[in-house]
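> show me the folded form of this:
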Amino acid sequence: MLATIWSATLHGVDGRRVEVEVQVSGGLPSFTVVGLPDTAVRESRDRVRAAVLSSHLPWPTKRITVNLAPSGLRKSGSGLDLPVAIGVLVAAEALAEVHVADTGFVGELGLDGSLRPVAGVVPMVGALGTDRVVVPLACVAEARLVSPRVHGASCLEEAVAALQGRRRWPEAPCPVVTPTQGVPDLADLHGQPLGRRALEVAAAGAHHLLLVGPPGSGKTMLATRLPGLLPPLERHEALEVTRIHSAAGVPVPGGALADRPPFRAPHHGATEVSLVGGGSAWLRPGELSLAHCGVLFLDELAEFPAPVLDALRQPLEEGVVRVRRARGGVDLPARVLLVGAMNPCPCGKGTLLGACRCTDAVRARYQRRLSGPLLDRFDLAVALSPPDSADLLGGAPGEPTAVVAARVRAARQAATGRGVRANAELRADWLRHGCPLSAPVAAMLERHLRSGGLSARGLHRVWRVARTIADLDDPARPITELHMAEALALRAARQSLLPAV
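The predicted structure follows:
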């Protein structure tokens, strides 16, 4: 007897449909799985057999062959346990084929027959394309984000009884929506007007930001307040962020569909694979993809290994990570707003006169940890000094997040009218034709190009920053000399901060 069951497997952050073919035939009892299974799929033989017997269902003492088609696609994960078990029952005629018609199955089995949640339910269910889907009860809320007819079961016996009509499908538990912690408010930050301005420009145009200053100057406080300035995610962005988190097995903040831009802050000891993504058997999304449509904050930037930082260069430019291995490759979304924070020197006192204990050689070696091409990706660079004692002890608070976020939202809406999500995505040809420069502004840029202060890439980046600054002033106004001067000053600060690079 031959049975065919539909399921799916993960390939990066995408689901791939898998046809699970099960044949039960005469011969010595055996259980064979073919079709490029990984270790977890091969081990399903023992889990499936134990789960079926523990569920008081018949197990055929015959030759069982399972083929996972298409055979050229590597299958990974434990989500194929449930479809293999259902296929064995159908092939053994313990379950009628009509009961599983046009039904997809995803789930891991325990030895006692329980159904356990698996990572990647959202992309896998989205790839099935069947009339209905059966998943573990704990995954129903996730699966219903992409498919309307989703049923859940807590164990294999319960799923079989519901498929046969002997029992109603159990009610899925309401998703536990954990209240998201309040985003820190900008009003808590006293002083640092330059840092606040750079944060606003970065949020309005999605421009990468570099913060350099001694310990206690407010770098982390500024970075953690950036997500509160960003507008909520659009529906398609929320689904994409949720799909990435699901594929990585990382819970979405709030426990449901993502609605706020993610904020990721990996430790400076992170490896290249954990940051950029990839792997060997399972091409997993990294921190860069988990921060998609949000903020990636790299604190202690100079402490990251140089090869790890240089691996960010291409994804930051193109908004996608292209992982290629001998056995295949995946494209992982990675459109992020990068914020880097670092000390000016190893002792951290580089900007304080007379306080730095580092020699010129030590400072130069420390600053060379950031390559020139990586620094060229930062549109904004700000030198922060310790806040004034008067500001800390009783200074007037700055503008709250809500006020600044309103200006950011207006600037983002202006960018949407130009066909992009933010000004950082404006194409060079649009800048030339859609945002022409006046003669004085063009002359200002020409002087910086001739002096070597701007590269070709830097020209377009500073042009985009100036457009963002103008949008914060008035989206209908052209770029003025004041706007361009501020954009150049924010970019030129990088050279004075890191003269040895």
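> what helix or strand does Leu275 sit in?
Using DSSP states H and E, Leu275 sits in helix 272-276.
> likewise Thr242?
In the assignment (DSSP H and E), Thr242 maps to helix 235-248.
> in terms of secondary structure, what does that helix contact?
Contacts defined by 3 or more C-beta pairs under 8 Å, 6 or more residues apart in numbering; DSSP states H and E place helix 235-248 against helix 121-128, strand 284-285, helix 287-290, strand 328-333. In this view, the C-beta of every residue, glycine as well, is placed from N, C-alpha and C.
> what strands line up against the shortest one, and which way round?
Partner strands for strand 284-285, per DSSP bridges, with pairing direction: strand 277-278 (antiparallel).
> circling back: quick one: the helices and strands packed on helix 235-248 as TSV, columns for mean pLDDT too.
Formatted as TSV, these follow (pLDDT from 0 to 100):
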stretch	mean pLDDT
helix 121-128	94
strand 284-285	90
helix 287-290	95
strand 328-333	87
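> nearest to Ala248, of the ones you listed?
Closest to Ala248 of these is strand 284-285 (C-beta to C-beta; 4.9 Å).
> pull the number of nearby residues for Arg377.
Residues near Arg377, counting by other C-beta atoms under 10 Å, number 17.
> per-residue confidence at it?
Per-residue pLDDT puts Arg377 at 88.
> that one: what secondary structure?
For Arg377, the assignment made with DSSP: H, G, I helix; E, B strand; the rest coil gives coil.
> show me the contacts for it.
His208, Leu312, Arg313, Leu316, Glu317, Leu338 (C-beta atoms under 8 Å, 6 or more residues apart in numbering).
> just give me the closest of those residues to Asp388.
His208 (28.0 Å).
> let me know whether that closest one touches Asp379 as I believe.
Yes. Applying C-beta atoms under 8 Å, one finds His208 in contact with Asp379, separated by 5.5 Å.
> the more surrounded of the two?
Higher neighbour count among His208 and Asp379: Asp379, with 27 against 21, using other C-beta under 10 Å.
> so what's the more buried one closest to, chain neighbours aside?
Nearest residue to Asp379 in three dimensions, chain neighbours excluded: His207, at 3.8 Å (C-beta to C-beta, 6 or more residues apart in numbering).
> looking at the protein, which strand is longest?
strand 14-25 (DSSP state E).
> tell me which residues in that strand are buried?
Asp14, Gly15, Arg16, Arg17, Val18, Val20, Glu21, Val22, Gln23, Val24 (16 or more other C-beta atoms under 10 Å).
> which residues does the helix holding Leu275 contact?
266, 278-279, 284, 286-288, 305, 307-308, 311-312, 315, 321, 323.
> 7 Å - rerun?
With C-beta atoms under 7 Å, 6 or more residues apart in numbering as the test, helix 272-276 has contacts from Pro266, Gly279, Gly286, Glu287, Leu288, Pro307, Val308, Ala311, Leu312, Pro315, Val321.
> in this protein, where is pLDDT below threshold?
Residue ranges of the chain with pLDDT under 70: 175-182, 253-256, 281, 350-354, 390-396, 492-501.
> about what we covered before: quick one: secondary structure of the residue nearest to Asp379?
Looking at His207 with three-state DSSP, the answer is coil.
> re earlier: out of the contacts of helix 272-276, which are buried?
Pro266, Gly286, Glu287, Leu288, Val308, Ala311, Leu312, Pro315, Val321.
> quick one: the fourth one and Leu296 touch, right?
To tie it back to what came earlier, the one meant is Leu288. Yes. Counting by C-beta atoms under 7 Å, Leu296 is a contact partner of Leu288 at 6.3 Å.
> overlap of the contact sets of these two?
In contact with both Leu288 and Leu296: Val336, using C-beta under 7 Å, 6+ apart.
> the strands in the stretch 1-150 of the chain, which residues?
2-11, 14-25, 30-34, 63-69, 103-105, 108-109, 115-116, 132-136, 150-153 (DSSP state E, counting those that start in this stretch).
> nearest to Val48, of these?
Once the strands of the stretch 1-150 of the chain are compared by C-beta to C-beta, strand 108-109 is nearest, at 6.2 Å.
> can you give me the neighbour number for the closest residue to Cys174 other than its chain neighbours?
Leaving out its chain neighbours, the residue that sits closest to Cys174 by C-beta to C-beta, 6+ apart is Ala141, at 7.8 Å. Look at Ala141: counted by other C-beta under 10 Å, it has 20 neighbours.
> same check on Leu36?
Residues near Leu36, counting by other C-beta under 10 Å: 16.
> distance of it relative to Trp6?
18 Å (C-beta to C-beta, to the nearest Å).
> what's the domain layout of this protein?
Following automatic domain parsing, one finds the domains of the chain at 2-163, 186-418.
> could the ones you listed go into CSV alongside distance to Arg467?
Shown next, in CSV, are the domains of the chain (distance: least, C-beta to C-beta, whole Å):
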stretch, distance to Arg467
domain 2-163, 32
domain 186-418, 7
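> wait, Gly278 sits on Val323?
Yes. With contact defined as C-beta under 7 Å, Gly278 reaches Val323; the gap is 4.4 Å.
> which residue is nearest the centroid of the chain?
With distances taken as C-alpha atoms, centre = their mean, Leu290 lies nearest the centre of the chain, 2.1 Å away.
> could the contacts of Arg377 go into JSON lines alongside distance to Ala443 and secondary structure?
Formatted as JSON lines, the contacts of Arg377 follow (distance: C-beta to C-beta, whole Å; DSSP: H, G, I helix; E, B strand; the rest coil):
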{"residue": "His208", "distance to Ala443": "27", "secondary structure": "coil"}
{"residue": "Leu312", "distance to Ala443": "34", "secondary structure": "coil"}
{"residue": "Arg313", "distance to Ala443": "31", "secondary structure": "helix"}
{"residue": "Leu316", "distance to Ala443": "30", "secondary structure": "helix"}
{"residue": "Glu317", "distance to Ala443": "29", "secondary structure": "helix"}
{"residue": "Leu338", "distance to Ala443": "31", "secondary structure": "strand"}
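> just give me the closest of those residues to Asp259.
Within these, the smallest distance to Asp259 is 22.2 Å, found for Leu338 (C-beta to C-beta).
> what about the closest one, distance to His245?
19 Å.
> distance between stretch 200-219 and the chain's centre?
Distance of stretch 200-219 from the chain centroid (C-alpha atoms, centre = their mean, to the nearest Å) equals 20 Å.
> please read the previous query as pertaining to stretch 7-20.
Centre-to-centre, stretch 7-20 and its host chain are 20 Å apart (C-alpha atoms, centre = their mean).
> kindly report the same for stretch 464-478.
With C-alpha atoms, centre = their mean, you get 29 Å for stretch 464-478.
> what do you get for stretch 214-221?
Using C-alpha atoms, centre = their mean, the offset of stretch 214-221 from its chain centre is 26 Å.
> got a list of what the nearest residue to Phe304 once chain neighbours are set aside touches?
Distance criterion C-beta to C-beta, 6+ apart; nearest residue to Phe304, sequence neighbours excluded, is His268 at 4.9 Å. Listed by C-beta under 7 Å, 6+ apart, the contact partners of His268 are Glu300, Glu303, Phe304.
> just the buried subset of the residues you listed, please.
Phe304.
> keep only those of the contacts of His268 that are in helices.
Judged by DSSP state H, helices contain none of the contacts of His268.
> mind putting the contacts of His268 into CSV with distance to Thr103?
Below are those laid out as CSV (distance: C-beta to C-beta, whole Å):
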residue, distance to Thr103
Glu300, 50
Glu303, 51
Phe304, 47
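> closest to Pro29 among the contacts of His268?
Nearest to Pro29 out of the contacts of His268 is Phe304 (C-beta to C-beta; 54.4 Å).
> quick one on the thing from earlier: isn't the residue nearest to the centre of the chain up against Pro266?
No. Look at Leu290 against Pro266 with C-beta under 7 Å: they stay out of range, at 9.1 Å.
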